[in-house]
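Undergrad: Generate coordinates for the sequence data below:
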Amino acid sequence: MSATADLSRVPRSPRSRVDERWSPAQRYRRSLWLLTTRDLKVRYSTSALGWLWSVLDPLLMAAIYWFVFTQVFQRGSVGDRPYIVFLLLGLLPWTWFSAAISDCTKAFTRDAKLIRSTTIPRSIWVARIVLSKGIEFLFSIPVLAVFVIGTQFAATTDERAQVHWELALWPLAILLQAALTFGIGMIVAPLVVFFRDLERAVRLILRLAFYASPIIFSLGDLGRIHPLVQSIAAFNPFAGVITLYRSAFFPAELDWFAVLMSAVLSVVLVAVGLLVFRRTVPAVLKEI
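TA: Residues are numbered from 1 along each chain as shown. Next comes the predicted model:
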């Protein structure tokens with residue numbers, strides 16, 4: 001059955017007496033889940049490795065950076081030990097963020113026919129990308145757990161990753177990252193329809209943002225350069241999110257000022273995204 005046919009049943013299914021009592025929020029959630037599961041099924045149905053593809057890229061990047069900063073430069077000048085766990089706690093969330101923003105540049109152009117033929121809220125086409133990539137991120141957590149368990153066989157204590165109570169802050173990190181990604185996606189998705197060069201610009205900005213974010217290094221590493229550099233870096237909305245993830249294994253990484261900045265900027269970006277989206281969607285539907 002086609003996705004269009006599936007979506008046409010969202011407002012009214014065979015159990016019409018129940019569906020007629022659905023609130024707009026319930027219909028939105030049902031449509032969002034339908035599109036998200038469709039994305040995941042299409043992505044993995046023809047893949048031999050399945051969900052492993054979603055973690056292969058961060059694993060390869062982690063291997064490269066681990067080799068460079070622990071084997072080539074053996075001084076351990078960046079990050080914390082075990083460095084492989086430190087890296088994955090930055091790379092796995094970044095993969096969710098960057099992959100979602102990249103896909104948002106095609107949110108309207110890739111499914112233009114389907115978007116025009118349905119009446120569901122258009123923001124779903126951004127939300128389903130954020131959600132599907134977020135689910136892939138959750139699928140990658142067992143890979144992180146494998147490396148954490150592997151460090152327990154290290155010869156020295158400082159090479160072993162230890163879980164701390166800050167793991168309870170992960171739901172906050174996931175919520176902040178989802179809001180941040182959704183807000184930026186709501187800005188990027190409609191604007192790309194009018195400015196096609198923005199798609200390439202977004203890829204370039206993401207590449208620069210990777211090195212500007214505390215992924216292969218920590219905010220504390222920047223503080224060793226100058227305290228002002230660390231303070232400026234804390235205004236990066238992704239910085240606070242990363243410190244929340246890392247605090248589960250490296251409590252000293254937690255920076256509440258950076259977390260506060262992430263929360264404030266995420267709320268601002270969601271508000272701006274909703275405003276931009278609402279004003280541009282009518283023109284977008286005509287353009288596609």
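
Undergrad: so how far is stretch 192-204 from its chain's centroid?
TA: 19 Å (C-alpha atoms, centre = their mean, to the nearest Å).

Undergrad: same deal with stretch 270-278?
TA: That offset, for stretch 270-278, works out to 19 Å (C-alpha atoms, centre = their mean).

Undergrad: if we look at it, which residues are touching it?
TA: 122-123, 126, 179, 182-187, 189-191 (C-beta atoms under 8 Å, 6 or more residues apart in numbering). Yep, even glycine has a C-beta here, placed from its N, CA and C like the rest.

Undergrad: Of these, just say which sits nearest to residue 56.
TA: The shortest approach to residue 56 among those belongs to residue 185, at 23.4 Å (C-beta to C-beta).

Undergrad: before we move on, back to that, which one of the contacts of stretch 270-278 is nearest residue 170?
TA: Nearest member of those to residue 170, counting by C-beta to C-beta, is residue 179, at 14.9 Å.

Undergrad: Would you mind giving the contacts of stretch 270-278 as TSV with secondary structure and distance to residue 248 added?
TA: TSV is the format used below for the contacts of stretch 270-278 (DSSP: H, G, I helix; E, B strand; the rest coil; distance: C-beta to C-beta, whole Å):
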residue	secondary structure	distance to residue 248
122	coil	36
123	coil	31
126	helix	29
179	helix	20
182	helix	23
183	helix	25
184	helix	25
185	helix	26
186	helix	29
187	helix	30
189	helix	32
190	helix	36
191	helix	36
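
Undergrad: which of these are buried?
TA: 122-123, 126, 179, 182-187, 189-191 (16 or more other C-beta atoms under 10 Å).

Undergrad: Mind putting those into JSON lines with distance to residue 241 and pLDDT?
TA: Shown next, in JSON lines, are those (distance: C-beta to C-beta, whole Å; pLDDT from 0 to 100):
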{"residue": "122", "distance to residue 241": "26", "pLDDT": "85"}
{"residue": "123", "distance to residue 241": "22", "pLDDT": "88"}
{"residue": "126", "distance to residue 241": "19", "pLDDT": "92"}
{"residue": "179", "distance to residue 241": "10", "pLDDT": "96"}
{"residue": "182", "distance to residue 241": "13", "pLDDT": "96"}
{"residue": "183", "distance to residue 241": "13", "pLDDT": "96"}
{"residue": "184", "distance to residue 241": "13", "pLDDT": "96"}
{"residue": "185", "distance to residue 241": "15", "pLDDT": "95"}
{"residue": "186", "distance to residue 241": "18", "pLDDT": "94"}
{"residue": "187", "distance to residue 241": "18", "pLDDT": "95"}
{"residue": "189", "distance to residue 241": "21", "pLDDT": "92"}
{"residue": "190", "distance to residue 241": "25", "pLDDT": "92"}
{"residue": "191", "distance to residue 241": "24", "pLDDT": "92"}
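
Undergrad: Just send those residues back as a markdown table, with distance to residue 43 too.
TA: Output for the buried ones among the contacts of stretch 270-278, formatted as a markdown table (distance: C-beta to C-beta, whole Å):
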| residue | distance to residue 43 |
| --- | --- |
| 122 | 22 |
| 123 | 21 |
| 126 | 17 |
| 179 | 24 |
| 182 | 20 |
| 183 | 24 |
| 184 | 22 |
| 185 | 18 |
| 186 | 22 |
| 187 | 25 |
| 189 | 19 |
| 190 | 24 |
| 191 | 25 |
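
Undergrad: nearest to residue 236, of those?
TA: For these, the nearest to residue 236 is residue 184 (12.8 Å; C-beta to C-beta).

Undergrad: my guess is the closest one contacts residue 101, does it?
TA: Yes - using C-beta atoms under 8 Å, residue 184 is in contact with residue 101, at 5.8 Å.
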